[in-house]
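Undergrad: below are the sequence and a predicted model; questions follow.
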Amino acid sequence: MERELHIFNAGPSLLPREVLEDAAGAVKDFGGSGIPLLCTSHRSKEWNGLMDETRALWRELLAVPDGYQVVFFSGGATMGFLLAAMNFLERKAAYLDTGIWAHKALKEAQGIGDAYAIASSREDSYNHIPKGFVIPHDLDYLHVTTNNTVYGTEIREDIDSPVPLVADMSSDILSRPVDVSRYAMIYGSAQKNAGTAGVAFAIVKTELLGRVSRHIPTLLDLRTYVDNGSMPNTPPVFPIYVMNRTLRWILARGGVAAMQASDELKAGTLYAEIDRNPLFEGTAAVEDRSVMNVCFRMAAGNEGLEERFLAFSQECGIVGIKGYRTVGGFRASIYNACSQDDVDALVKCMQDFEQHIS
């Protein structure tokens, strides 16, 4: 009998089985047209219909208000770092430095203009979200990375900001309701909760575009995507199709509120075992623990067991829990498509390992 696998990869992450099967079929036949998805014209009415539906699904799932547009682009959230700064940074911007990707976003902005860290947890190995900082009123925007995949911290509530708010939500989008009206721009890569690698999304308040004085190259100008239906050139058709089917899957299961309830239950189950099991310990401050990326390690005195547990977990069918390469330890990414059964399997593996070495 084939061993069941439980996939916890940080990205590209687990996709719902229904989405995988649908996408595999579409590669051969897109929408019953007889034309393979990978050979479909992006100017066809069938493809334009799918693009319209995908934007509409985003709007429905996140209750996107009027005055905002949903756009898709290539280059991932890393391109989003640059898009944010190019389109919104005129005088000065502040960044909340909460992890590797937040720090990279800041560095990208500093190549464009005056950008600085308003607060940082870098000296504490990014093990918490900074608090108590004051947001100046003269900023063009404040940038936050809501979930930090490497260190396992997360901002689970919309920040109350007196200035436009820009957020990289690559790894926790669609896992909780978001008040989009608080943001100038929400962006992220798709390969966590919104599909597979190869496309990124942005939800943009259009009245804030076009206000910077600099020249913006065509493909770095968000107006280009708004004005051309996210197709200033040939779009990545397969990743957008997978995104569409993933959004459909979320909607069919009760939408974002249902995802939030499921994700918080999974996270609670896994954190409870980490806190109970004397072999392991969490790495993030308890109050800032991520619901999406559960980071942990061997407890003090058990460091030598790390490789043994990784090998043991593989025998249990657990895939993708090795921590980020510069951090070590373990990381279980429990995005929307990860099931409670997957988490229960990991918990049982941890318990069995405890018994195995005792």
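TA: Structure's in. What do you need? Not measured: the values here are computed from a predicted model.

Undergrad: the stretch 51-200 of the chain: helices as residue ranges?
TA: 76-88, 100-110 (DSSP state H, counting those that start in this stretch).

Undergrad: deepest in the core, which of the ones you listed is it.
TA: helix 76-88 (a mean of 23; mean count of other Cβ atoms under 10 Å). All C-beta spots, glycine's among them, are computed from the backbone N, C-alpha and C.

Undergrad: got the contact list for that helix?
TA: Outside helix 76-88, the residues within contact range by Cβ atoms under 8 Å, 6 or more residues apart in numbering are 73, 93, 101, 104-105, 108-109, 111-113, 115, 140-141, 143, 164, 166, 168, 170, 184-185, 187-189, 197, 200, 202, 208-209, 211-212, 214, 216-217, 220-222.

Undergrad: for ChimeraX, what selects the buried ones among those residues?
TA: Command for ChimeraX that selects the buried part of these, burial taken from 16 or more other Cβ atoms under 10 Å:
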select :73,93,101,105,108,109,112,113,115,140,141,143,164,166,168,170,184,185,187,188,189,197,200,202,208,209,212,216,220,221,222
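
Undergrad: hmm, Thr149 is touching Ala102, no?
TA: No - Thr149 lies out of contact with Ala102 (Cβ atoms under 8 Å); the separation is 10.8 Å.

Undergrad: format the helices of the stretch 51-200 of the chain as CSV; extra columns: mean pLDDT.
TA: Shown next, in CSV, are the helices of the stretch 51-200 of the chain (pLDDT from 0 to 100):
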stretch, mean pLDDT
helix 76-88, 98
helix 100-110, 98
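
Undergrad: just the contacts of helix 76-88: which are in strands?
TA: Counting by DSSP state E, the contacts of helix 76-88 place 73, 93, 115, 141, 143, 166, 168, 184-185, 187-189, 200, 202 in strands.

Undergrad: any chance of a markdown table for those, columns distance to Glu154?
TA: Listed next are the ones in strands among the contacts of helix 76-88 as a markdown table, based on distance: Cβ to Cβ, whole Å:
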| residue | distance to Glu154 |
| --- | --- |
| Phe73 | 25 |
| Ala93 | 22 |
| Ala115 | 23 |
| Tyr141 | 21 |
| His143 | 16 |
| Val166 | 17 |
| Asp168 | 12 |
| Ala184 | 21 |
| Met185 | 19 |
| Tyr187 | 17 |
| Gly188 | 14 |
| Ser189 | 16 |
| Ala200 | 20 |
| Ala202 | 20 |
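
Undergrad: out of those residues, which is nearest to Glu4?
TA: Ser189 (28.1 Å; Cβ to Cβ).

Undergrad: need the contact list for the closest one.
TA: So Ser189 contacts 11, 76-77, 80, 170, 197, 199-200 (Cβ under 8 Å, 6+ apart).

Undergrad: 10 Å instead, please
TA: Ser189 makes contact with 11-12, 75-80, 101, 168-171, 173, 195-201, 239 under the criterion Cβ atoms under 10 Å, 6 or more residues apart in numbering.

Undergrad: kindly reformat the helices of the stretch 51-200 of the chain as a markdown table containing distance to Cys349.
TA: Formatted as a markdown table, the helices of the stretch 51-200 of the chain follow (distance: least, Cβ to Cβ, whole Å):
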| stretch | distance to Cys349 |
| --- | --- |
| helix 76-88 | 31 |
| helix 100-110 | 27 |
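
Undergrad: return the backbone torsion pair for the residue nearest the centre of the chain.
TA: Note on the chain: the residue nearest the mean C-alpha position is Ser171, at 1.6 Å, using Cα atoms, centre = their mean. Torsion angles at Ser171 (phi, psi; degrees, to the nearest 10) stand at phi -110, psi 10.

Undergrad: where does the stretch 201-350 of the chain have low pLDDT?
TA: Filtered on pLDDT under 70, the stretch 201-350 of the chain yields no residues whatsoever.

Undergrad: fine, thanks again, bye for now.
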